[in-house]
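Colleague: just to be clear, the model below is a prediction. Sequence and coordinates:
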Amino acid sequence: MFGDQKVCFSGVQPSGNLTIGNYLGAIRNFSEFSELYKTFYCVVDEHAITVRQNPAELRRRTYETLALYMACGLDPEKNTLYVQSMVHEHAELAWILNCYTMFGELSRMTQFKDKSTKHADNVNAGLFTYPVLMAADILLYQTDVVPVGIDQKQHVELCRDIATRVNQIYPDLFTIPEPIMPKSGKKIMSLVEPTKKMSKSDENTNAVVYILDDRDAIIRKFKRAVTDSGAEVRAAEDKPGVTNLMTVYSCFTGKSMEEIEREFAGKGYGDFKLAVGEVTADALAPVQKRFAELMADKAALEAQMKKGAEEASYYARRTLSKMQKKLGFVQIH
Ligand code: AQP
């Protein structure tokens, strides 16, 4: 909370082209908080460099991610939209919080285990302390709620533990945040390996539907999606492929799993996959159109980055300086 206003914070890494997982699990849900909360939505470029990035691509995706926030309905007048590396307080608070985070806690993070296996040649300290930077992102704004997909829940829980530990020493320094996940779409799975999360950094582009994929690519990818044995459109634990496609269909149409089962009773996977592709393409078309308009005006995006960073810094500075004072850092005004 800042004063009597509740705060919502979330972020997306510009570590690849954004997927329908990022959209359904996170970004699509951001705008519902705009009216009731003070909202901060950040492009977390500092998180992205925990894995090697091509600088030109990182720069391009940073603009694109900000433009996608707006294309997905976030009004910059009602939401603070900004880029993490432009607000230096994030990195500064992260250093301090590193000193309140235990090695054992970080070792238990499943994302670290997964990413250190995937990038075995570059298991850097940043990959290990990634959740501490995320805790700083959240705590700087005295955040009450963090809308995220389920893969980030463990990191928000660690953030709560860190904040509680600091508050035990310095009472009421941080608001303790809650993760908020959508009822449907909190974990969209890969189209090729449906037991694995859909990820923007997946090298197999057929496994992933990107928010900016054109209609033909979307329909083709869903047509080729791995389904399960049998031909019935039915959600079940032993049918992860079909269940995932039903989840996507449900997210875009608002229909329940039962309604979808009834709609496709007696029809084969072919009809169903085409329908999933079509509703996805229809839903993304207006986002893509708005995105193209926004990307055509780079100067406006840069002005937004500047304005957003100034707004965010105002709040971030207050929390950081409070923490520094408590720690005994000399402050000269
Ligand atoms: N497959 C998914 N289903 C639902 N939600 C998802 N999110 C990510 N993948 C899915 C949510 O999107 C938000 C932004 O994610 P991120 O950029 O912070 O990083 P991530 O969670 O590591 O996402 P990716 O796409 O898998 O990125 P890479 O490949 O770079 O690691 C978060 O709220 C996340 O939960």
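Modeller: Now that the structure is in, tell me what you want to look at. Numbers count the residues shown, from 1 in each chain.
Colleague: Tyr210: what's it in contact with?
Modeller: Residues in contact with Tyr210 (CB atoms under 8 Å, 6 or more residues apart in numbering) are Asn17, Leu18, Thr19, Ile20, Lys200. In this view, the C-beta of every residue, glycine as well, is placed from N, C-alpha and C.
Colleague: nope, Thr247 is what I was after
Modeller: Contacts of Thr247 were listed using CB under 8 Å, 6+ apart, and they are Ser184, Gly185, Ile188.
Colleague: how about the secondary structure of Val132?
Modeller: At Val132 the chain is in helix, as set by DSSP: H, G, I helix; E, B strand; the rest coil.
Colleague: begin at 141 from here
Modeller: Okay, using 141 as the starting number, the last item reads as Val272.
Colleague: could you check how far it is from Arg200?
Modeller: 28 Å (CB to CB, to the nearest Å).
Colleague: do Val288 as well
Modeller: When Val288 is compared with Arg200 (using CB to CB), they lie 24 Å apart.
Colleague: okay, the two: which has more neighbours?
Modeller: Using other CB atoms under 10 Å, the more surrounded residue of Val288 and Arg200 is Val288, with 22 against 14.
Colleague: next, count neighbours for the spatially closest residue to the more buried one that is not a sequence neighbour.
Modeller: In space, and not counting its chain neighbours, Val288 is closest to Pro319: 5.5 Å by CB to CB, 6 or more residues apart in numbering. Applying other CB under 10 Å, we find 21 other residues in the vicinity of Pro319.
Colleague: give me the pLDDT for Pro319.
Modeller: Per-residue confidence (pLDDT) for Pro319: 97.
Colleague: secondary structure class for Thr383?
Modeller: What three-state DSSP gives for Thr383 is helix.
Colleague: got the contact list for it?
Modeller: Here Thr383 is in contact with Pro334, Ala375, Ala376, Glu377 (CB under 8 Å, 6+ apart).
Colleague: separation between Ile400 and the ligand?
Modeller: To the ligand, Ile400 is 19 Å away according to CB to the nearest ligand atom, to the nearest Å.
Colleague: before we move on, what about Gly408?
Modeller: Noted for Gly408: a distance of 26 Å to the ligand, by CB to the nearest ligand atom.
Colleague: surely that residue touches Ala371?
Modeller: Yes: counting by CB atoms under 8 Å, Gly408 touches Ala371, with 5.3 Å between them.
Colleague: between the contacts of Tyr350, which sits nearest the ligand?
Modeller: Within those, the smallest distance to the ligand is 3.8 Å, found for Lys340 (CB to the nearest ligand atom).
Colleague: that closest one: how many residues sit nearby?
Modeller: Lys340, neighbours per other CB under 10 Å, totals 18.
Colleague: now do the SS call for it.
Modeller: Three-state call for Lys340 (three-state DSSP): coil.
Colleague: what's the neighbour count on Glu399?
Modeller: 13.
Colleague: state the distance from it to the ligand.
Modeller: From Glu399 to the ligand the distance is 22 Å (CB to the nearest ligand atom).
Colleague: which strand or helix spans that residue?
Modeller: Using DSSP states H and E, Glu399 sits within helix 397-403.
Colleague: quick revisit: quick one, what contacts the residue nearest to Val288?
Modeller: Residues in contact with Pro319, defined by CB under 8 Å, 6+ apart, are Val285, Val286, Pro287, Val288, Gln292, Lys293, Val296, Glu297.
Colleague: what about the second one, which SS state?
Modeller: Pointing back at Val286 there. Relying on three-state DSSP, one would call Val286 strand.
Colleague: next, count neighbours for it.
Modeller: Using other CB under 10 Å, Val286 is surrounded by 25 other residues.
Colleague: so it bridges to which residues?
Modeller: Taking DSSP bridges, one finds Pro319 as the beta-bridge partners of Val286.
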